[in-house]
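Engineer: Got a predicted model here, sequence first, then my questions.
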Amino acid sequence: MAIEISKYKTTAVAPSRKEGKGLSSILNKEIKLFGKRFGDKQKEKFYGEMTTLVNAGVDIRTALELLEEGHLKKEETRILKSIREDIIKGKSFLQSLADSGYFSTYEVFSIKIGEESGKIIDIVKELSVYFNKRIALKRQMTGIFTYPVFLIIVSVGILYFMLNNVVPMFADVFKKFGKELPSFTQKIMALSEWTQHYFGYIFLVVGAGTGFLYTQRRKAWFRKSWAWSVVRIPLFGKLIKKVYLARFCQSMNLLISARTPLTEALGLVEKMIDFYPLETALAEIQKDITKGMSLHQSMQKFPVFEKRLVSLIKVAEEVNELDSMFGKLSSQYNTEVEHQTAITGKLMEPILILVIGTLVGFILVAMYQPMFEMNNLME
């Protein structure tokens, strides 16, 4: 039986592109528990503990009471208490979660399927695994970008210091000799003077540009342009794409295993995946399937899906094993992401250090070359 998704309340932790934000969309930034937020770490813990207690024979209401007593943070305790009180008033576990406003449509829909199929424990366990993997992916992406960003900031700081302090010091020395300087040295000194006069303006322009892009981060043109640019970044592009494909396969595995209709599963995943090429592809795939096209036939129209992925989905459709295939693909992509993350980290360190050393070396050579020439003339 098809289930109407629209009747469920849109939650505070929106599962769709509304929770996306530029680069932090590619990172899929974790929503932390702050104020009225119930984040991924809290959900992983919540579903994991619920699974343990319910498996031990504890009813849901008592399990919530035990969880409530075990949470030290007031906001977590308040959320759990409100869910438990709703159940006492006669609401189902599903409706209590939906009405709390802290659980996504994806979670509510999964719980509904679990209640209807009598597999609520399995679904809650799968949700715990889902959030565990989601957190792991975020940490991997954070690890990928943290070191390069740090080195880039350090590089800019070093260059600014040298151009605004070291180069002017040499310039004063050169003026005393009154000799014509090499062309390379003159260019470095001109760049130094330019940065001294205009660095403040550069900072303002960069700040204004960043602010403008931040305000446009929800707009389709920005999300499309950003995704197009990101996937073309050397080393990072393919890795970022695989991160989202891993999340797509993981989500599809959970929903199809819960016997969710294919079109509705695709609709839910579309709302969760904050990656423009994948979102637009899923929206079109849903339309194709309603017209009678198979999943793999529609998927092969979009370059965001790798040929290997499409081929395996085709096989899975022929043997009616989509859920297990998505599970295997999710594991494969997660393994590939971990492997490529480690390799990328090892490659980025020497590359960035080499770049920094080269830039600093150019400046030092430009400053010392005239001094060497003057010393040779004096000899």
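Structural biologist: Thanks, I have the structure now.

Engineer: which secondary structure elements does the longest helix that the chain contains contact?
Structural biologist: Longest helix in the chain, counting residues (DSSP state H): helix 322-378. Applying 3 or more C-beta pairs under 8 Å, 6 or more residues apart in numbering; DSSP states H and E, one finds that helix 322-378 contacts helix 120-161, helix 167-177, helix 183-215, helix 237-257, helix 307-319. Any C-beta I mention is one placed from the backbone N, CA and C, and that applies to glycine too.

Engineer: any chance of those helices in a markdown table, with mean neighbour count, distance to Gly39 and mean pLDDT too?
Structural biologist: Below are the helices and strands packed on helix 322-378 laid out as a markdown table (neighbours: other C-beta atoms under 10 Å; distance: least, C-beta to C-beta, whole Å; pLDDT from 0 to 100):
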| stretch | mean neighbour count | distance to Gly39 | mean pLDDT |
| --- | --- | --- | --- |
| helix 120-161 | 16 | 9 | 79 |
| helix 167-177 | 14 | 47 | 75 |
| helix 183-215 | 13 | 22 | 82 |
| helix 237-257 | 22 | 17 | 85 |
| helix 307-319 | 15 | 30 | 93 |
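
Engineer: Of those helices, give the one that comes closest to Val108.
Structural biologist: Nearest to Val108, of all these, is helix 120-161, at 10.7 Å by C-beta to C-beta.

Engineer: ok now that closest one, how far from the chain's centre?
Structural biologist: Distance of helix 120-161 from its chain centroid, counting by C-alpha atoms, centre = their mean, to the nearest Å, is 7 Å.

Engineer: What of stretch 303-316?
Structural biologist: That offset, for stretch 303-316, works out to 23 Å (C-alpha atoms, centre = their mean).

Engineer: which residues are in contact with it?
Structural biologist: By C-beta atoms under 8 Å, 6 or more residues apart in numbering, the residues outside stretch 303-316 that reach it are 241, 245, 249, 277-278, 281, 294-296, 299-300, 322, 324-326, 328-329.

Engineer: and if you look at stretch 62-82?
Structural biologist: By C-beta under 8 Å, 6+ apart, the residues outside stretch 62-82 that reach it are 33, 35-36, 38, 42, 46, 49-50, 53-54, 58, 83-84, 87, 100, 102.

Engineer: The closest residue to Ile88 other than its chain neighbours: which element?
Structural biologist: Leaving aside its sequence neighbours, Ile88 sits nearest to Arg61 (C-beta to C-beta, 6 or more residues apart in numbering; 6.7 Å). Per DSSP states H and E, Arg61 falls inside helix 60-70.

Engineer: Show me which residues of that helix are buried.
Structural biologist: Neighbour-count burial for helix 60-70, counted by 16 or more other C-beta atoms under 10 Å, picks out 60, 63-65, 67-68.

Engineer: which one of these sits closest to Val167?
Structural biologist: The closest of the buried residues of helix 60-70 to Val167 turns out to be Leu67 (C-beta to C-beta; 61.9 Å).

Engineer: Dump the helices and strands packed on helix 322-378 to TSV, plus distance to Gln340.
Structural biologist: Output for the helices and strands packed on helix 322-378, formatted as TSV (distance: least, C-beta to C-beta, whole Å):
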stretch	distance to Gln340
helix 120-161	9
helix 167-177	40
helix 183-215	27
helix 237-257	5
helix 307-319	15
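
Engineer: I'd like to know which of those is closest to Thr263.
Structural biologist: Among the helices and strands packed on helix 322-378, helix 237-257 sits nearest to Thr263 (C-beta to C-beta), with 11.0 Å.

Engineer: tilt between the closest one and helix 120-161?
Structural biologist: Orientation of helix 237-257 against helix 120-161 (axes from the mean of the first three to the mean of the last three C-alpha atoms, to 10 degrees) gives an angle of 170 degrees.

Engineer: how far out from the middle of the chain is helix 237-257?
Structural biologist: The chain centre lies 12 Å from the centre of helix 237-257; the measure is C-alpha atoms, centre = their mean.

Engineer: distance between the ends of stretch 65-78?
Structural biologist: With C-alpha to C-alpha, to the nearest Å as the measure, the ends of stretch 65-78 fall 11 Å from one another.

Engineer: Give me the mean pLDDT for it.
Structural biologist: Mean per-residue pLDDT for stretch 65-78: 80.

Engineer: Use 19 as the first number from now on
Structural biologist: Yes, from this point I'll number from 19; that puts the last item at stretch 83-96.

Engineer: just to revisit the earlier point, would a markdown table of the buried residues of helix 78-88 with distance to Leu370 be doable?
Structural biologist: Below are the buried residues of helix 78-88 laid out as a markdown table (distance: C-beta to C-beta, whole Å):
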| residue | distance to Leu370 |
| --- | --- |
| Ile78 | 51 |
| Ala81 | 49 |
| Leu82 | 49 |
| Glu83 | 52 |
| Leu85 | 45 |
| Glu86 | 48 |
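
Engineer: any idea which of these is closest to Val378?
Structural biologist: Using C-beta to C-beta, Leu85 comes nearest to Val378 of the buried residues of helix 78-88, at 55.1 Å.

Engineer: before we move on, the earlier item: does the residue nearest to Ile106 touch Ile105 like I think?
Structural biologist: Yes: using C-beta atoms under 8 Å, Arg79 is in contact with Ile105, at 5.0 Å.

Engineer: Report the next helix or strand after the helix holding Arg79 in sequence order.
Structural biologist: In N-to-C order, the element after helix 78-88 by DSSP H and E is helix 92-106.

Engineer: Give the buried residues for that following helix.
Structural biologist: So, applying 16+ other C-beta under 10 Å, buried residues of helix 92-106: 93-94, 97-98, 100-102, 104-105.

Engineer: Specify which member of these is nearest to Ala360.
Structural biologist: Nearest to Ala360 among the buried residues of helix 92-106: Glu94, at 34.2 Å, using C-beta to C-beta.

Engineer: so what's the backbone phi/psi at Phe293?
Structural biologist: Backbone torsions for Phe293, taken as degrees, to the nearest 10, come to phi -140, psi 110.
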